Structures are given as structure tokens and as C-alpha cells.
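Asks: Okay, structure incoming, though there's no sequence with it:
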Ligand code: C5P
């Protein structure tokens, strides 16, 4: 037996869904791979599978209540959160996802989640309508933004006999995700990564700006990926509502391109890798009014714009040996040729191309489809994936490129 999870501490959270019967199989697989597993169940989960089965398989009493009723013994979710190298919640019902996304800590499982210091994965399982409901989608995207890894539900026959998306991923797939998580290399230990992300807001007056639809999702996904591989990350972020979850990411918040340029310039030499994923405005108003501009008596207005600095091009022109620089390219036509031109003109090592023509790619979506080109003339197109998975592909490509 390979024992790929030997010595790992896994908290397996089980919630009240029909798929809970599969959790016994999952637990068995974890144990077979050498993991130590502590099961935490919601009260509803016990209606679907008995704690006796799970404690027999894990070799540990199942935790479900805050106290053991007859002895008054308190179960510490804080200790459990510290003990765990990973928390896997499978199945995760709509109700538990909602509680996790909103911090409603009314059972042992959600309190343990809130105390978890390490990575958390959820494998949702529910009926197709619930899975497709706006509230479940909202909760899943909140959790994804909080750094929780979502193991997507699959399509197939559901307990209701309806057919659609909502089946929990099979235990074997969940096991593979867990193994992948633990075998992820800490291959960026000792490296510092600078990354520009989000839009820029070019101020017109104190309350108005010229901006764009970038959200910073792709950039923060890359930042999280680098941090989870051991890098220190400096995120030079335009206005965005996303907050990173990994403490190895330092955010320098900026508003306009000029400010972003200055933040990059002052960190330029200190970073081994630079990723320029920000959607930087090409122009800014020449003057910023210091009071809100009034419309009274003004029928027409001309805003004079001046060129912003090209941050990536500046960095490419002032790079040190040993630095690796990656740009992004959002093209509508002649995509590949333009991306390659950009790579050369800006003196970058790699360009990540996405086209707005691809459905599910671009601003604000949770998915992206990219082609990665490098200065060695190589190019590779990846299928549509979640931005987190795309981030892994991008960082894998960077690390492969650095190895030469
Ligand atoms: O030339 P274009 O705007 O298409 O290039 C896109 C790439 O250059 C992206 O990596 C973007 O972050 C970067 N860029 C920049 N500063 C600018 C314009 C673009 O860093 N002023």
C-alpha cells in the first residue's frame, strides 16, 4: 500500500444528506492511505449514517456535540482546528454551505470550520434545483473566495430520482484531490512574487473615475497559488473587494495607474517573479478636479486624457537577470499574433492570453480559458477551468520555464 497520506491529520465533516453513506467509504480510503481521521458530524448527519460505523472505521469517537451529555466533557473545536492538516466536508449540504459562508456557527462542524487553520475542501451534494439555486451559487462563490476548495458535484441520477447536477463526487475522486493537495510541491519556498491585479480607477474628480470591469479574481487566484506553494507575495491591487486568505500575501492597495506604477517600481528589484495581471487604464484625465465637478451652466465637457505609464513594459526594460516576468493579454482579434508581439515588445518571458470570444473567460467570471506563450516560442492552450485551476496551470508553467 502506498500510504500517500501517512501521518496526515484529516477532519472529515459529514452533514445530513443521502450521500453521507458514501462518507464511510471515503473515510476507509483515507485510513487505508495512512491518514489519521477525526469525524465531525452535524446532528442531521446522524439520521443518515450512524456514528458507530464511523468511529469503528476511524478508530476515534465521532464528535458531534459541543459537550458529551453525561460527563459534561467539552469538545474543543479550536483544538480540532489546530490539529487538522486538512478539513474535508463531504457531503456538504446547501444548509451547511450557507452556514459556512456566513459564519453561522450553531454546530460543532461549522465551529470547527471557523477554527480550521489549514486548507478546507467541500464536496457539495444536493438535489439539482438546490444546487442550481442562486443562494447555493452565491454561497459557493463566497466560500471559493474565502479559499475553500470546491469539489464540484457531478451530474447523474439523484436520490429524488431526478437526473441532474448535484451528486457528490465519488469518494475515489475526493481521495485523489486530497492526495493532490498534500503532494503539492512547496516549490516556491524562498521566492518573492510581485503581482499587479484588478482594475485601475483614474480619478476625474473626488467622486468620479474612469475604470473597467476587472475584479482581480484571476490575479488573487495566482497570488493564492503562489502563497500555497511557499512564496511570499506582494499584491499591488487596484480597487477590488477581494481579500486574500493566505497571510503570506501582502496587499498594497492603489487606485490609479500612476500609483500602481510607483508601487511596482519600489518593489521591482525585490521580486523574483512578476505577474502583470492588472487591467491598467491606458489613459487618465490630465487634471483631477479637487471638487466635484458641477453640471450647472455646463452643456458640454471635454476630458483631456494623457497616456499612463506601461508598467509591464517598464519592468521588462529594467529587469534583472534571474527575474521572470509574465504579462496578460486580452485580445479580440489576431489574438495569438498580438500576444506574441506583446511578449517581445515588453521584454516578457511569458504571456497569458485570454480572448473575450471564449464563453466563461474574462472579467468577473469564475472560469477562464487561456493560452500560455513563452519567449522560447512555445505555446499551450488549456481547456475552460476554474480560475483557481487556471492559476495552477499558470504557476506550473512559470516554474517549468524557470527550470529552463
Ligand atoms: O498592451 P496591453 O495593455 O494589451 O498589455 C497587457 C499587459 O500589460 C498586461 O499584463 C497588463 O497588466 C500590462 N500593462 C501594464 N501597464 C499598462 C498597460 C498594460 O502593466 N499601462
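Replies: Sure, I can see it. Not measured: the values here are computed from a predicted model.

Asks: Please make it C-alpha for all contacts and neighbour counts, starting now.
Replies: OK.

Asks: What parts of this protein come near the ligand?
Replies: Residues of the chain lying near the ligand by CA under 6 Å from any ligand atom: 276-280, 282, 308-312, 327-329.

Asks: Centroid-wise, who is the farthest residue in the protein?
Replies: residue 297 (49.1 Å; CA atoms, centre = their mean).

Asks: Let me know the pLDDT of that residue.
Replies: Looking at residue 297, its pLDDT is 93.

Asks: residue boundaries of the helices in the stretch 201-350 of the chain?
Replies: Assigned by DSSP state H, counting those that start in this stretch, the helices in the stretch 201-350 of the chain fall at 217-228, 257-267, 311-317, 335-345.

Asks: now the following helix or strand past the last one and helix 335-345, what's the angle there?
Replies: Scanning forward in sequence from helix 335-345 by DSSP states H and E, the next helix or strand is strand 350-355. With axes from the mean of the first three to the mean of the last three CA atoms, to 10 degrees as the criterion, the two stretches strand 350-355 and helix 335-345 enclose an angle of 150 degrees.

Asks: Would you mind giving the helices of the stretch 201-350 of the chain as CSV with mean pLDDT added?
Replies: Below are those laid out as CSV (pLDDT from 0 to 100):
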stretch, mean pLDDT
helix 217-228, 94
helix 257-267, 98
helix 311-317, 98
helix 335-345, 95
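
Asks: Could you identify which of those helices is most buried?
Replies: Highest mean neighbour count of the helices of the stretch 201-350 of the chain: helix 217-228, a mean of 26 (counted as mean count of other CA atoms under 10 Å).

Asks: counting contacts, what elements does that one pack onto?
Replies: When contacts are defined as 3 or more CA pairs under 8 Å, 6 or more residues apart in numbering; DSSP states H and E, helix 217-228 sits against strand 192-197, strand 232-237, strand 249-253, helix 387-403.

Asks: Which among those is found nearest to residue 162?
Replies: Shortest distance between residue 162 and the helices and strands packed on helix 217-228, using CA to CA, is found for helix 387-403: 30.0 Å.

Asks: Return the distance of that closest one from the chain's centre.
Replies: Between the centre of helix 387-403 and the centre of its chain there are 14 Å (CA atoms, centre = their mean, to the nearest Å).

Asks: Please apply the same query to stretch 109-126.
Replies: The answer for stretch 109-126 is 15 Å, by CA atoms, centre = their mean.

Asks: got a list of contacts for stretch 388-402?
Replies: 218, 221, 222, 225, 226, 324, 350, 352, 368, 369, 370, 372 (CA atoms under 8 Å, 6 or more residues apart in numbering).

Asks: Which member of the residues you listed is positioned nearest residue 235?
Replies: residue 222 (10.0 Å).

Asks: what about the closest residue to the closest one other than its chain neighbours, neighbour count?
Replies: Leaving aside its chain neighbours, residue 222 sits nearest to residue 391 (4.8 Å; criterion: CA to CA, 6 or more residues apart in numbering). Residues near residue 391, counting by other CA atoms under 10 Å, number 22.

Asks: related to what we said a few turns ago, dump the helices and strands packed on helix 217-228 to TSV, plus mean pLDDT.
Replies: Shown next, in TSV, are the helices and strands packed on helix 217-228 (pLDDT from 0 to 100):
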stretch	mean pLDDT
strand 192-197	98
strand 232-237	97
strand 249-253	96
helix 387-403	93
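
Asks: so which of the ones you listed is the most packed in?
Replies: Highest mean neighbour count of those: strand 192-197, a mean of 26 (counted as mean count of other CA under 10 Å).

Asks: name the helices or strands packed onto that one?
Replies: Strand 192-197 sits against helix 217-228, strand 232-237, helix 257-267, strand 273-276, with contacts defined as 3+ CA pairs under 8 Å, 6+ apart.

Asks: got a markdown table for these, with distance to residue 249 too?
Replies: Shown next, in a markdown table, are the helices and strands packed on strand 192-197 (distance: least, CA to CA, whole Å):
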| stretch | distance to residue 249 |
| --- | --- |
| helix 217-228 | 7 |
| strand 232-237 | 5 |
| helix 257-267 | 14 |
| strand 273-276 | 14 |
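
Asks: Quick one: end-to-end distance for stretch 293-300.
Replies: Chord length of stretch 293-300, first to last residue, is 12 Å (CA to CA, to the nearest Å).

Asks: And stretch 71-91, by the same measure?
Replies: In stretch 71-91, first residue to last residue: 30 Å (CA to CA).

Asks: sorry, back to before: closest to residue 116 among the contacts of stretch 388-402?
Replies: residue 225 (18.9 Å).

Asks: Kindly provide the distance from the closest one to the ligand.
Replies: Distance of residue 225 to the ligand, given as CA to the nearest ligand atom, to the nearest Å: 18 Å.

Asks: Spit out the contact partners of that residue.
Replies: Residue 225 neighbours (CA under 8 Å, 6+ apart): 388, 391, 392, 395.
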